Structure formats: structure tokens, C-alpha cells
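Engineer: what's the 3D shape of this:
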Amino acid sequence: MTVGQRGAARCAGLATALLLAGCAHYHRGKPEAPRPPAPPAAEPQPPAGSAAGQTVPEPGSDGRFETINSHIGTEEALWHVRAALNVAALSCGGRPGGAAIVARYNALLTQRKAVFATAYASETGRSSGSALDQHMTRLYNFFAQPPAQAAFCRAAAEVSEQAAAQPASGLPQFAPGALDKLEAPILNYYRAYASYRRDLAAWQAGRRAAPPPTQLAARVATPRETAVAAVVAAHTDIGASWRIQLGAFTGKPAAEAAWTRARGRLPSLAAYHPHYEDVPHSPLVRLQVGAADDKAGALRLCAAAAAGGFDCLPVPRS
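Structural biologist: Numbering: from 1, shown residues only. Predicted coordinates for the structure are as follows:
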């Protein structure tokens, strides 16, 4: 390479270096566009359409739930299976397999009357009078929880078919396993709700700042107020084919006393006319109020009542 060529190359290299340096200087001096803030995480929502603040038990330290079906014998388990199938016969009729549940349940009541009587005697040995009323109301409402109904009805269809194939002498031994199957959908819902509570607590802890005061002006209705609004909105019985049941009690005086207590807890219930229905072949009397045009409406009404602290079971009008 000649001297002239070497000089030209050095100049070219110098020009390139200066150009790169100039670009680097320009790049360093150019302000970066501000990054848009990350969108806030969506607030976790309760599972299966249930309400926030729902009264749902927490699992124990071993992750298991204590329920009304825990720590009972085989005879009592059979009575609890009967109660679960009774709920299914009332609330699963419109679902796939619902008609078969009703037919099998009615057949069991007729064909297994003696073994169910023995199971009932075992149940009444644990409690009687008003304590038995409260126990049975809790038992029916445990299986009637709206968020778990779809899965519960599927389990009830399977259990009712298996129960129909059992000899009478085999039903007590069949009952504990059947009760586990009937309880599983409710326990799955409880687990989902416990997970929702954990997610909600993490979300609340992770919020960067409280909302401005202007956003706090709108007061959120309490679950009980929501229940009142839902109930009052459906207080008329005209043309309605469904009600909600607040309990079953030994005799009409006990049911009337329960209605008085309910109105004392929630005065807005005074807008209702209570309905008392005898349970066939039983001393129990059902207390029912409210009205809905269809089962879905009754389930929504029942969920709102449950959020307000009431035991509830959606039932078709007789």
C-alpha cells in the first residue's frame, strides 16, 4: 500500500470512528420514552358465581374440612345419604338424570322404609326437639349450596343408581362411601373458595396505593343488605313457581317461632307472607318465603339469603 493509500485509509477509519462516536453521543443524549405503567392486576373473584364474604369454612391444619358429615356412624351416614338424595330430588329435577333421581329416591323410600327407620332412630339418638330441627336444617342446606349444585346433582345421580342396586341389609355399609361421593362437590367448592380468599388477600396486600378519596365515597352494600334487596325484589308470590326454604321444624308452632326469630334478625322480611308446608309422613313443617319464576332465580335468591346469614334451600311450589 502506498503512503497515499495508507493516509486515505487512516482518514476513512478516523471518519468512521468519529461517525460512530457521534451516533453514540446522540443515542446517549436522546431521552427514552417513558414506559407505560403496568396495568393493575384484576381483583380475584369468588368461584362458581358465589358471593364475596360467603360463610364458607376454612380447612384445618391437615387441609381437611370438618362438616356435618364428619365423625358419624354407618346408620347416621345412611340417614345423611337419604337427606342428600331428598335435596337432589327437589333441586336436580331439571338437570340431566334428574328425573331418574326422583324416581329412585321415591322407590327407596317405599322399598327400604324399615332400614331408613333404623337410621332415623340412630340420628335422633344424637339430638332431639329443636336441636334435631337445627341439625336437619343444616344438613339439607349443606347439600343445597348453589355453587356446587351441578356437580352435586351428577354425584347424586350416580349414588341413587348404586343405592337402588343395594339389598336393604347392605345399605348401612354402602352409606359412608356414598356420603363421601355426595360430599365431594361441596368440599371441592370449599377448596376453591379457600384459594380465592388467599388470592384476594395477596391482591389486597399488593396494591400500590389506596384509591383516591372520591372513589371511597360510594359505599358498598354489606352481604346482609344485598340479601335484603334480593329478597324484597321478589316478595310477591303471584305467578311464581319457586320459593326458598328457611328451615324445617317440628310442628307449626316451632316453624312460626322460627319465622318470628328470622324477622327479628332482618326486619325487611316483614314484607313477606310465610308459607308452612307439612312434610309427608313426618312431624316436620317447612318454612318457606319469597318467590322466583324459575329455579335459576330461586338459586340466586337463595345465594343472596345465604350471604345474609340465612340457611336456605330453593324449592318448587307445590
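
Engineer: for the residue nearest to Tyr272 when sequence neighbours are not counted, phi and psi?
Structural biologist: The shortest distance from Tyr272 to any non-neighbouring residue, by C-beta to C-beta, 6 or more residues apart in numbering, is to Val289 (4.5 Å). (C-beta placed from N, C-alpha, C; glycine too.) When quoted as degrees, to the nearest 10, the phi and psi of Val289 stand at phi -140, psi 170.

Engineer: Check the gap between Pro46 and Pro146 for me.
Structural biologist: For Pro46, the distance to Pro146 (C-beta to C-beta, to the nearest Å) stands at 12 Å.

Engineer: Those two: which has the busier surroundings?
Structural biologist: Pro146 (25 against 17; other C-beta atoms under 10 Å).

Engineer: so His135 makes contact with Ile72?
Structural biologist: No: using C-beta atoms under 8 Å, His135 is not in contact with Ile72; the gap is 11.0 Å.

Engineer: For the residue lying closest to Pro44 once chain neighbours are set aside, what is the enclosing helix or strand?
Structural biologist: The shortest distance from Pro44 to any non-neighbouring residue, by C-beta to C-beta, 6+ apart, is to Asp199 (4.0 Å). Counting by DSSP states H and E, the element that carries Asp199 is helix 171-206.

Engineer: what packs against that helix?
Structural biologist: Applying 3 or more C-beta pairs under 8 Å, 6 or more residues apart in numbering; DSSP states H and E, one finds that helix 171-206 contacts helix 74-91, helix 113-124, helix 129-143, helix 149-164.

Engineer: tilt between that helix and helix 149-164?
Structural biologist: For helix 171-206 against helix 149-164, the angle between stretch directions is 170 degrees (axes from the mean of the first three to the mean of the last three C-alpha atoms, to 10 degrees).

Engineer: What residues of helix 171-206 count as buried?
Structural biologist: 171-172, 174-176, 178-179, 181-183, 185-190, 192-194, 196-197 (16 or more other C-beta atoms under 10 Å).

Engineer: ok, now stretch 65-73?
Structural biologist: For stretch 65-73, the buried set under the neighbour-count rule, 16+ other C-beta under 10 Å, comprises 65, 67-69, 72.

Engineer: go on, stretch 46-62?
Structural biologist: In stretch 46-62, the ones that count as buried by 16+ other C-beta under 10 Å are 46-48, 50-51, 54, 56.

Engineer: sorry, back to before: does the residue nearest to Tyr272 really touch Trp242, like I thought?
Structural biologist: No: between Val289 and Trp242 there is no contact under C-beta under 8 Å: 11.6 Å.

Engineer: sorry, back to before: among the helices and strands packed on helix 171-206, which gets the worst mean confidence?
Structural biologist: Lowest mean pLDDT of the helices and strands packed on helix 171-206: helix 129-143, a mean of 86.

Engineer: how far does it sit from the chain's center?
Structural biologist: 18 Å (C-alpha atoms, centre = their mean, to the nearest Å).

Engineer: Can you tell me what sits against it?
Structural biologist: The contact list for helix 129-143 (C-beta atoms under 8 Å, 6 or more residues apart in numbering) reads 67-69, 80, 83-84, 86-88, 123-124, 126-127, 152, 182, 186, 245, 247-250, 254, 284, 306, 311-313.

Engineer: Can I have the buried ones of the residues you listed as a ChimeraX selection?
Structural biologist: In ChimeraX, this line selects whichever of the contacts of helix 129-143 come out buried by 16+ other C-beta under 10 Å:
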select :67,68,69,80,83,84,86,87,88,123,152,182,186,245,247,248,249,250,254,284,306,311,312,313
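
Engineer: Pick out the residue closest to the middle of the protein.
Structural biologist: What sits nearest the mean C-alpha location of the chain, by C-alpha atoms, centre = their mean, is Pro147, with 3.6 Å.

Engineer: is it fair to say that residue lies in a helix?
Structural biologist: Yes: membership of Pro147 in a helix is supported by DSSP: H, G, I helix; E, B strand; the rest coil.

Engineer: Distance of the nearest residue to it once chain neighbours are set aside relative to Ala150?
Structural biologist: Leaving aside its sequence neighbours, Pro147 sits nearest to Ala48 (C-beta to C-beta, 6+ apart; 3.6 Å). Separation of Ala48 from Ala150 (C-beta to C-beta): 9 Å.

Engineer: what does Ser70 give?
Structural biologist: From Ser70 over to Ala150 (counting by C-beta to C-beta), the distance is 24 Å.

Engineer: Many thanks, we can stop here.
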